[in-house]
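In: coords please:
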Amino acid sequence: MILYLTSSPTGSYRSDGPEDYRGFNPANDMVKNLREDWVDHARCLIIAADPDAYMQNDEMRFYFEKVLKETGLDISGLDLCDGRNGVETADRLSDYDMIILGGGHVPTQNAFFRKIGLMERMKEFHGIVMGISAGSMNCAEVVYAQPELPGESISDAYQRYIEGLGLTQCNVLPHYQAVKDDMLDGRRLMEDITYSDSVGHKFYTIPDGSYLLQKNGITELHGEAYLIAEGQIRQICKEGEVLQIL
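Out: Predicted coordinates for the structure are as follows:
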């Protein structure tokens, strides 16, 4: 399996500005690396984060089919997995060469993955997996479900650590450039919540345009990245650089 864990592989989160590229963001050689790993007439699947958001999921499938083609990646089609066909599609993962795990609310997506038995089925998948935001976060063995919605950071019932797909040992936190100054439940998302949660843990936080690449037993960060651990943050990789972490 080849794993691309992205923050956003296309535009910038919370930004309406036009991009100077079509298709996937070519920054930090992501498109170059994807093309090297690609197979002709690739059969692709996108798995939604919210299984019941049918209209949104259909729009997402159409959008990413366009993105794949604009990137110049040869595909035979892009199927969608959501609440309408979850278990049936998960049973056919071996039919696909590339799987995209969509972005959204981490616990909601995680519950859907559990419902369709994706954890077990992914063990036999040997193609490319691209995580987007929540999809990247849920690839970890133990997922850090960073609080996101009002009330989550102060709820005793909210689980911040949940079982993930087990595809990587790394916890990725996306959209750093957009969320680093966010407030949640009257506290600073990063300094007051996430830094405290990092005691005994490691989180790799990346802005849009950076990604983690796991291939042939090697795990690398591509582009700007920061390590949050033991209540502190430090930059460990710069734009245009590559850092092997495992």
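In: Could you give the number of residues near residue 157?
Out: For residue 157, the neighbour count with other CB atoms under 10 Å is 6. The C-beta positions use only the backbone N, C-alpha and C, and glycine is treated the same way.
In: nope, residue 39 is what I meant
Out: By the measure other CB under 10 Å, the count of residues near residue 39 is 13.
In: Report pLDDT for the spatially most central residue of the chain.
Out: Nearest to the geometric centre of the chain sits residue 136, at 2.3 Å (CA atoms, centre = their mean). According to the prediction, residue 136 has pLDDT 98.
In: So it versus residue 165, what's the distance?
Out: 10 Å (CB to CB, to the nearest Å).
In: Same check on residue 99?
Out: Distance from residue 99 to residue 165, by CB to CB: 11 Å.
In: Show me the helices in the protein, by range?
Out: Per DSSP state H, the chain carries helices over the ranges 30-37, 54-70, 86-90, 106-115, 118-121, 134-137, 176-179, 195-197.
In: So for residue 127, which of those helices sits nearest?
Out: Among the helices of the chain, the nearest to residue 127 by CB to CB is helix 30-37 (9.0 Å).
In: Can you list the neighbours in contact with the closest one?
Out: 2, 4, 6, 9, 23-26, 71-73, 128, 211, 213, 215, 222 (CB atoms under 8 Å, 6 or more residues apart in numbering).
In: Any of these buried? List them.
Out: 2, 4, 6, 9, 23-25, 71, 73, 128, 211, 213, 222 (16 or more other CB atoms under 10 Å).
In: of those residues, closest to residue 41?
Out: Closest to residue 41, out of all of the buried ones among the contacts of helix 30-37 and judged by CB to CB, is residue 73, at 10.4 Å.
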